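Trainee: below: sequence and its predicted model.
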Amino acid sequence: MAAPAGAGAETATLDRRRCLWSVLAAALGLLTAGVSALEVYTPKEIYVANGTQGKLPCKFKSANTTSRLTTISWSFQPEGSHTTVSFFHYSQGQVYIGDYPPFKDRITWAGDLDKKDASINIENIQFIHNGTYICDVKNPPDIVVYPGYIRLYVVEKEVLPVFPVWVVVGIVTAVVVGLTLLISMILAVLYRRRSSKRDYTGISGTLRSGCAATCQMFEPLTSPPLSL
């Protein structure tokens, strides 16, 4: 008994779909062959005094060497805003500065792709530069998973922290512990000296008492004078 014509058409359609999915899977496998994740490293936050130069560090790790296809992009999210603005792009050895006014004539390239460094400098930083900076790196065929985020705080020169808080706490703790140990050592030495002096005095007294008793035992006997 012959199969219905509709069933044959449906089977042919399924075969074509299977063939299409096989081709797409093969193409995807070719495209993703040798592809790995690219990791970007930036500090979480930095402090820069207003009116000075600030460096935004950005390093990346990639399984492939850099090439002319490697690109660097920096974006800025102003403080209190939810939108980002692209203001710097590096590609094929060329620097492209955006038209965003706060960064006009302030941005210089400070990186080195051979060392996987995508850092930039901002000249004459002002309070309008407070916000979050985003470093995005592309190094085909590697793909970036997460870009790097830096929170920049622009402060007055007088309040710029010279050392991180944990460094100050560590120094103070070390000084206190050192002084405590020094005082303890001095007190221990004084106590030992006092104890030694007390023992020496007791021994000397005992020796003198013993010597006096011995001398009395061996004292020469004197006979009374003869009377004539």
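Mentor: Here it is on my side, so go on.
Trainee: now the terminal residues of stretch 73-90, how far apart.
Mentor: Terminal residues of stretch 73-90 are spaced 6 Å apart (Cα to Cα, to the nearest Å).
Trainee: what mean pLDDT does that stretch have?
Mentor: Averaging pLDDT along stretch 73-90 gives 94.
Trainee: ok, stretch 40-48 next?
Mentor: Rounded mean pLDDT across stretch 40-48 is 96.
Trainee: neighbouring contacts of it?
Mentor: For stretch 40-48, contacts defined as Cβ atoms under 8 Å, 6 or more residues apart in numbering pick out 54, 56-61, 118, 122, 125, 135-137, 144, 146-155, 160-161. To be clear about C-beta, it is placed using only N, CA and C from the backbone, and glycine gets the same treatment.
Trainee: just the ones of the residues you listed in strands?
Mentor: Mapping those onto strands (DSSP state E) picks out 54, 56, 59-61, 122, 135-137, 144, 148-155.
Trainee: drop anything exposed from the residues you listed.
Mentor: Those of those that meet the buried threshold are 54, 56, 59-60, 122, 135-137, 144, 148-152, 154, by 16 or more other Cβ atoms under 10 Å.
Trainee: what is the most widely separated pair among those residues?
Mentor: Maximum pairwise distance in these, criterion Cβ to Cβ, is 27.6 Å, between V144 and V154.
Trainee: where do the helices sit along the chain?
Mentor: Assigned by DSSP state H, the helices in the chain fall at 5-32, 165-217.
Trainee: least trustworthy helix or strand in this structure by mean pLDDT?
Mentor: helix 5-32 (a mean of 47; mean pLDDT, DSSP states H and E).
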